[in-house]
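Starting from these lines, generate the structure:
(chains A, B, C and D)
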There are 2 protein chains.
Amino acid sequence: MNIGDVSTRSGLPAKTIRYYEDIGLIKPHRSDNGYRCFAEADLHKLAFLGRARALGFTIEDCRMLMALYEDESRASGDVKQLAQEHLSKIETKISDLQAMRDTLTELVQCCAGDNRPDCPILKDLSGHCSD
Amino acid sequence: MNIGDVSTRSGLPAKTIRYYEDIGLIKPHRSDNGYRCFAEADLHKLAFLGRARALGFTIEDCRMLMALYEDESRASGDVKQLAQEHLSKIETKISDLQAMRDTLTELVQCCAGDNRPDCPILKDLSGHCSD
DNA sequence: CCTTGACCTTCCCCTGACTGGAAGCCCCAT
DNA sequence: ATGGGGCTTCCAGTCAGGGGAAGGTCAAGG
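Model prediction:
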């Protein structure tokens, strides 16, 4: 398979696939003409990577997940720990974003949003306690 | 005021303050020795920027917010619109993260996390429907 | 007067995970 | 032989700064 086919079948852009080879996540063979030549196993790895990335794992997480996946004697505890650490980062991000959302929602609700210049959003950003 | 004082008083790292000057968000004067020389107005702007960034506004959003802040004849509607667009991006991000969290939580719960290699997390990432 | 240390300056490279684009080779069809 | 699409490499850019080097400045102490 050439990169175009793999891109279509994996749903990953060709650029991304080349990048993954660059950083050593996959190692496709080369045809005589220099084109990358992907086996089914490469496609499978790329699909794995695509799913892991969609769950928000970093590239380095993916590298470790792939290593664990290929290690027949892995301990599922190692995988679980990786996932749990990732999960707690996600939860932190969610809380941070929710705090922003709550503040912003309040400010937006207080703003008339008309043609007058008076604006509680700017007032808040400028320090609002006596300018 | 030198940059160190401004950094302390605004809570922003000196690097960040220099960066904000680089991209034209602030324009502090210079002393004879070449040091940046900040007025109270600069400090005020930096505090404004710090709060806007803490609410997740991008640098370009901040640039517009500052322009609106300094425009006495602004319409609060413009500010509100900016904030609402930002808010909807945040809400999208929250949903995306929550979807990841839900999937991950489920997978983590299904994983024994022991010394055996069998792992539903890896099974899911690898495509799990008959490999 | 000299030195020490804290502070300031510019400059350039690094981050994550790609994306865009240029220049050039390869292959197939007309 | 020519046109178009696909492939290659390499370089630069994204966002919002962070790290650190090399060197100028200032105030205090010996």
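
Please count neighbours and contacts with C-alpha atoms only from this point.
OK.

Of all the residues in chain A, which one is nearest DNA strand C?
Nearest residue of chain A to DNA strand C (C-alpha to the nearest atom of the strand) works out as residue A:58 at 3.2 Å.

Counting neighbours, what do you get for that residue?
13 (other C-alpha atoms under 10 Å in any protein chain shown).

same thing with residue A:12?
Residues near residue A:12, counting by other C-alpha under 10 Å: 16.

buried stuff in stretch A:28-48?
By neighbour count on 16 or more other C-alpha atoms under 10 Å in any protein chain shown, the buried set for stretch A:28-48 is A:28, A:36-38, A:42-48.

Surely residue A:79 is in a helix?
Yes - assessed with DSSP: H, G, I helix; E, B strand; the rest coil, residue A:79 lies in a helix.

That one touches residue B:113, doesn't it?
Yes - shown here, residue A:79 and residue B:113 form a contact pair, counting by C-alpha atoms under 8 Å, at 7.4 Å.

And the pLDDT for the residue nearest to residue A:4 when sequence neighbours are not counted?
Spatial nearest neighbour of residue A:4, chain neighbours left out: residue A:14 (6.6 Å); criterion: C-alpha to C-alpha, 6 or more residues apart in numbering or on different chains. Predicted confidence (pLDDT) for residue A:14: 98.

What is the burial count for residue A:14?
17.

For it, give me its contacts.
A:3-4, A:6-7 (C-alpha atoms under 8 Å, 6 or more residues apart in numbering or on different chains).

where along chain A do the helices fall?
A:3-10, A:14-22, A:40-54, A:59-70, A:76-110, A:120-125 (DSSP state H).

out of those helices, which comes closest to residue B:121?
helix A:76-110 (7.4 Å; C-alpha to C-alpha).

circling back: and the gap between the residue nearest to residue A:4 and residue A:61?
21 Å (C-alpha to C-alpha, to the nearest Å).

Ok, residue A:107 next?
Counting by C-alpha to C-alpha, the gap from residue A:107 to residue A:61 is 38 Å.
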